[in-house]
Every structure is written in C-alpha cells, then in structure tokens.
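Novice: Pasting a predicted model and its sequence here:
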2 protein chains.
Amino acid sequence: MEELGPFRVMSDGKTLYRNPYSWNHAANVLFLESPAGVGYSYSNTTADYDRSGDNRTAEDAYLFLANWMERFPEYKGREFYITGESYAGHYVPQLAHAILRHASPAINLKGIMIGNAVINDWTDTKGMYDFFWTHAFISDETAAGIDKNCNFTAAGAGAATSALCDDASDEAGESLRDIDIYNIYAPNCQSEKLVTPPIAPSIDNFDPCTDYYVDAYLNRPDVQKAMHANVTRLDHPWSACSEVLTRWVDSAKTVLPIIRELMKNNIRVWVYSGDTDGRVPVTSSRLSVNQLQLPVAAKWRPWFSSTKGAGEVGGYIVQYKGDLSLVTVRGAGHEVPSYQPRRALVLVQNFLAGKALPDCKECEQD
Amino acid sequence: MEELGPFRVMSDGKTLYRNPYSWNHAANVLFLESPAGVGYSYSNTTADYDRSGDNRTAEDAYLFLANWMERFPEYKGREFYITGESYAGHYVPQLAHAILRHASPAINLKGIMIGNAVINDWTDTKGMYDFFWTHAFISDETAAGIDKNCNFTAAGAGAATSALCDDASDEAGESLRDIDIYNIYAPNCQSEKLVTPPIAPSIDNFDPCTDYYVDAYLNRPDVQKAMHANVTRLDHPWSACSEVLTRWVDSAKTVLPIIRELMKNNIRVWVYSGDTDGRVPVTSSRLSVNQLQLPVAAKWRPWFSSTKGAGEVGGYIVQYKGDLSLVTVRGAGHEVPSYQPRRALVLVQNFLAGKALPDCKECEQD
C-alpha cells in the first residue's frame, strides 16, 4: 500500500488516494503476504512459526500459487512473473526454483525481477560498507577498520565477527543512527501521530511517515472486514515487520546458483537497485551480480523514464548474456516504487515486455 | 541570486521572493563578481581579459577590498570572512593569502570557507571518477579503464592524457551526458522559456530552470538601473558563465600549501561539500584534504540542521588540529545553498561563530 499498489493511504490513516503509477497498469498483480505469520497471513499450528525458513517459505508459496490457479483456472498458462525486493532476493528465486521443480503446466513462469535484493551475503555486506564510505556517511578511519578487520569473503563469512570488526561496525552504526538507511537522503518522519484532516499527498514526494498511516489503515476493523482479512481474529495487529516469527531455520548464504539455474531454464532475470538505498545498496548488487561472471550482451548505458524535452535519466542498465539485466533506478531508496513511482512503472512495463529500457533518441532531437 | 542571497527570482524572470535562509541572517554579506569580465564587472582595458589568471584575480580582489574599506571605513577592523565555491577553492585562499601578505590592519581576516572546491587537481579529478563509479553512474569497465589508463597522481598529472585514458573518460562523459552532474539526482530543466504568471516557488525544492530566470532578471534595464550596474553599457549581456574571458594565464595545480600557511596564521579553514555534487564531489574533497595529513581533533560525526523531534542529519563533520574542518552537507549539489538552504545557513552560522556544528542531544531526549 505504500509502494506499487493502486491506492496509498493519506495522513489520517483512513482515506485512500490513487497511485497513478501502480503496477496494475502493467499487468494483473497478485500480492502475497509470505511467509505465514507476516501481515494477515497465519498458521493454525503456532509451532509452524518456529519452523519458518527459506525452504518452507518457497514450498508454502508454491502451494498457495498452485491452489490459487485451481481456484482461478482462467489464469492458468498465462505468462507469469514474480517480483519482490529486499529479502525477497531469496524468496523470489527460491519460489521460481520450486515452480520449475514442480513443473506444473498451470504456472507459465517467464521471469523474475528482484530489487535491492539480498542475494549473496558477503558481497551484499561488503557493498553496504563501501556504499556508506563512498557516500561520505562514515569516516575514512571506520571504513579502513572494516576493510582491515572484517573478513567479508565467500570463505571467511563466518569469521567476520572479530572484536575489531565489531568495533568498526559499531562506529558505522553510530554514524548512521539518525539516517534512514533505506533512503539515505530522505527526511525523517517527525511524528507517528495521524494527521486529520489529511495533508494533500504528493505522489512524487514520498511522505516519510507513510508506515504509520498504512499501519493504522490495515488495523481498522472496517478495512479488514471489507478485505475479508483477519477473519480468525489474530492475537496480534497487522504490522509492517512481523514480531510473530522469532526463529529462522535456514537462510542460504547465496542464491546465485539458483539464479544461474533459472537463466539456464530461460527464465528472464532482472536485478534492479534504487541507488540511494543504503540497506542493500547498488554497490552490493553490482558486486553480487559480478560474482556470476557473465559476458556483457549490451553495455552499461543510461535509460530514460521520460524522453520528452531534456529527458530524465531513470537510471542505468547493463544486459548480460543469458537474459540477466542489472538496472539502477536513480534517486530511489530501498522501496523503489515509493520513491520513484514513475521510473518504477517504466521499469516493470519493460521487464514484462522483454524490452531493454528506453534510450534517448527523442531527447537528442530536442 | 540563486544561492545564498536574500532574494530569488520567480519563473517570470522579473518577480522576486524572499529566501528565508539567506546568509545575511548570519552576517553582513558583500558579493564580488570577480575577476573583471565576469557578470557586470569589467575592465576599461580590453587586453586585461587576456591576462586573467589566479594571481591577477587575487591582486584585483585585494585592491577592491582595500578600497572598499576606505570607502566604508565603519567596517574597518571588523571580523572578516571569505567564502566561495567551486573554482573559488582557488580564489578564496589566494585572496586570503594576499590579505595576509599586505598585512592591512583594515581587514581583520578570521577565516575562510570553501565549498565543493577545486583545491588539488589530481585528487579532485580522481575523486570525481571514484564518485561516478561508486554512485553507479558509470560502468565497472569504464571505472577500471580510467583507473588503469589515467595517471592521476601529483607526479603524473601532466601525463594523464593517454589515448586509452581519453577513451575511458569519453565513455564516462557519454554515461553522464543527460545528468546534471552538479546535482546528480536533480531533474533537468525542461524549458528555457520564462513562465508568466510565475509558479509559486518552493524554497525547499530548487527549480532546475532558475538559471534562466536569473539571467532574464539581471539583463532587465530597470533592474540594472536600480542596481547602478552596467552604467558603461557593456557589449555583452550579464551571464552566469562569462564568455569574455578566453585565456587563463596561471592556475595553481594545488592550493594546499596556501591552506597550510593560512592555518599557521590562525585563519580558520572550513572545507564543505554538498554530497550529491558530481563536479567537485565529496570524494574529491576528502582525498584532497587527506593530502594535508592533519591529526584529527574531533572525529567524524553527524551534525544536525534540526534537532527537534527525530532530528535531521545535515551532514557530517570532522575537525582537524589547526582549526580545519571538513563538513558535508547531505543531499546538496554543487551550489549548496540552492539545494539545502536550511542546512547551508546552519553551516555558515556555526562557521562564523567558531562553533562545531550542532549534535543531537535534543533528538535523544525525544
């Protein structure tokens, strides 16, 4: 409700407004609160929450999808794409992999797209500290301390927690304490209180308090009733970050082998990155994708979200052989469609169409 | 008129509005269009324009100042500070140096502050390409090509132009062609035409077409008359970038020795950097200041432009022994007061007061 959906919530926590850049302009969109325990989703067996992990999430999501296709058979066989961001860098390829394994003809999987995605632990972490340093959020000394004392390599990932490494990481954390690392240039939310009457929202200027509006909205009884959600009366509120799940039994150190396998099976893979996110930043995505050592099919170039007049660079794209593209979205934080909704819509439209993103022939004529 | 002044120009090119963050809230401000040939300034001897250079600019500016003090003796002996940005990284320390040399008691020089400043050629250039790469505006291949083929070192600055280096630099230029490198996340100006009636301006959201409004305003006969400017009827219009000066006879490769000398003479030095500028970016300023190898007096930490509620990090500051501070301004491009006027005012107020920038005691209490 605060990213790619058709509606956003106003500052009163109860009024909606339309998002003109919602992704259902590009395709039918199915949202899944996954795994069980997240959002309105739940399990009747409480002990399930202690068994959550990557594998279980993929299997549950596959089961959901297979059953959903039975319930809505008119969608069987249609082109099907999965996208997600952040830790969905695990969920999305793993679900795609489960779909391939089950080889269900109902699910005609064509591609996946993951944004600011966790995909390879050591490069993701190294890239994060590189980003903080090169964006001048941590000192040269702290960056040097991390570089020297933290062993972020495929081999050394386990040994990364030395006392000196911890000291340097703590310094970095202290430097970033009052920064929204999910969008390093964003203002902070100044008050969690709802505002009535609501302030006229600007779709181009993301309100940093949106979390609180959405939280209030999705916990309203009338909203839940209208959505047929929470009919079992959960013992906890809807929340953006679930507190129900306290254990995570398996987390792959890398999903790069899965990505490689998807590519071999002609699944289109786009890895995109909002370039002002500090949590899983663009430096991480580049380092991680570089681990695949893919040959370049079409070299790095700007793409355009608007090609009229002086044009607007939406970000950059590099295409690799085997149908993997790395795409940046300029000026977007972790939640790309929140911060750059227009650019994000151009992104998903072209991903689905299997087209490289627009270049700037028109701009040149101007 | 588009940065720190008391007035800004609306989109009609003739109406003014107040800048609530203008620097004359902090001190009396004297603006100097320097050197002769720039803006409204001129020489009666046209040949002077071919003799322009760093040395001449400093001497002329010193003469101007000395005469100005004679004309307005009530300002003699008052605390005096010089600030400037970009190539003023040369002008400001060089003028300060001229003031020291002339030892005029009228000019009580206390400090200088330079922003996104050209101060040391090879580190400035190296830092620029580092910035483009780490901010994901150029490809890994281009960055590697520059790193390998361009010899950006103190010794090798002259040898930097190999064919392979040129190729890599051209690639970088191509990647950045449609980006405003003076503020890498900014929108482009979509039309140079003036807009009447003017659009209500937002001081917090810099209009990327402001250059055109200011140009129109300063070329109005009524404006020039009111300002007692251009009384000699120049043969060229006022412009933001002078086309009168075509030769530049001397440009120091570095002003670091001058900065060192100023520090020895108890002149406060602040080097600040809007951290989203790509022209003389924060990576350059850090590399350049590091060349001085100064001991740290107060370590790198965030500073706050607003300490109410959740607080807003204005940027970072590190203080070195000898009264040199390196300060970043978060989310500001090359012209810091244009893009972050509130943060820029806090910056100059504290610079003048000789105070370290605010920390966040208040934020913690909230």
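Specialist: Yep, that arrived.
Novice: Helices along the stretch 101-250 of chain A, start to end?
Specialist: Assigned by DSSP state H, counting those that start in this stretch, the stretch 101-250 of chain A shows helices spanning A:121-134, A:140-149, A:163-175, A:210-218, A:221-226.
Novice: So for B:Phe64, which of these sits nearest?
Specialist: With respect to B:Phe64, and counting by Cβ to Cβ, the nearest of the helices of the stretch 101-250 of chain A is helix A:140-149 at 38.7 Å. Glycine gets a C-beta too; all of them are placed from N, C-alpha and C.
Novice: Just the C-alphas of the closest one, formatted as CSV.
Specialist: Output in CSV follows, covering the C-alpha atoms of helix A:140-149 (Å, rounded to 0.1, in the frame of the first residue of the first chain):
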residue,chain,number,x,y,z
ASP,A,140,37.8,7.0,6.3
GLU,A,141,39.1,5.5,9.6
THR,A,142,35.9,3.5,10.1
ALA,A,143,35.9,2.3,6.5
ALA,A,144,39.5,1.3,6.8
GLY,A,145,38.8,-0.5,10.1
ILE,A,146,36.0,-2.5,8.5
ASP,A,147,38.1,-3.3,5.4
LYS,A,148,41.0,-4.5,7.6
ASN,A,149,39.3,-6.3,10.3
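Novice: How confident is the prediction for A:Gly158, by pLDDT?
Specialist: With respect to pLDDT, A:Gly158 scores 54.
Novice: Chain A: strands as residue ranges?
Specialist: With DSSP state E as the definition, chain A shows strands at residue ranges A:7-9, A:16-18, A:79-85, A:108-115, A:268-274, A:296-306, A:312-320, A:324-329.
Novice: closest to B:Ala88 out of these?
Specialist: Using Cβ to Cβ, the strands of chain A put strand A:312-320 closest to B:Ala88, at 28.6 Å.
Novice: neighbouring strands for the closest one, and are they parallel or not?
Specialist: strand A:296-306 (antiparallel), strand A:324-329 (antiparallel) (DSSP bridges).
Novice: With respect to burial, which of the ones you listed scores highest?
Specialist: A comparison of the strands paired with strand A:312-320 by mean neighbour count, using mean count of other Cβ atoms under 10 Å in any protein chain shown, puts strand A:324-329 on top with a mean of 24.
Novice: What angle do strand A:108-115 and that strand make with each other?
Specialist: Inter-element angle recorded for strand A:324-329 and strand A:108-115: 40 degrees (by axes from the mean of the first three to the mean of the last three Cα atoms, to 10 degrees).
Novice: Tell me which residues are up against strand A:324-329.
Specialist: Strand A:324-329 has contacts (Cβ atoms under 8 Å, 6 or more residues apart in numbering or on different chains) with A:115, A:259, A:263, A:269-275, A:282, A:285-286, A:289, A:292, A:294, A:303, A:314-320, A:336, A:340, A:343-344, A:347, A:356-357, B:136.
Novice: my read: A:Phe31 touches A:Leu4, true?
Specialist: No: with contact defined as Cβ atoms under 8 Å, A:Phe31 and A:Leu4 do not form a contacting pair (9.1 Å).
Novice: rewinding a little: export the strands of chain A as CSV, with columns for distance to B:Val249 and mean pLDDT.
Specialist: Shown next, in CSV, are these (distance: least, Cβ to Cβ, whole Å; pLDDT from 0 to 100):
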stretch, distance to B:Val249, mean pLDDT
strand A:7-9, 59, 97
strand A:16-18, 60, 97
strand A:79-85, 55, 98
strand A:108-115, 52, 98
strand A:268-274, 46, 98
strand A:296-306, 38, 96
strand A:312-320, 38, 97
strand A:324-329, 42, 98
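Novice: coming back round to it: nearest to chain B, out of the helices of the stretch 101-250 of chain A?
Specialist: The minimum distance between chain B and the helices of the stretch 101-250 of chain A falls on helix A:121-134, with 3.5 Å, by Cβ to the nearest Cβ.
Novice: which helices and strands does the closest one pack with?
Specialist: Judged by 3 or more Cβ pairs under 8 Å, 6 or more residues apart in numbering or on different chains; DSSP states H and E, helix A:121-134 is in contact with helix A:140-149, helix A:163-175, helix A:282-290, helix B:121-134.
Novice: For that helix, which outside residues touch it?
Specialist: A:118, A:138, A:140, A:142-143, A:146-147, A:150, A:152-154, A:156-157, A:160, A:172, A:175-176, A:253-254, A:278-288, A:290-291, B:130-131, B:134-135, B:283.
Novice: Swap in 7 Å and give it another go.
Specialist: A:118, A:138, A:143, A:146, A:152-154, A:157, A:172, A:176, A:253-254, A:278, A:280-281, A:283-284, A:287-288, A:291, B:130, B:134, B:283 (Cβ atoms under 7 Å, 6 or more residues apart in numbering or on different chains).
Novice: Buried members of these into ChimeraX, please.
Specialist: Restricted to buried positions by 16 or more other Cβ atoms under 10 Å in any protein chain shown, the ChimeraX selection for the contacts of helix A:121-134 reads:
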select /A:118,138,143,146,152,157,172,176,254,278,280,281,283,284,287,288 /B:130,134,283
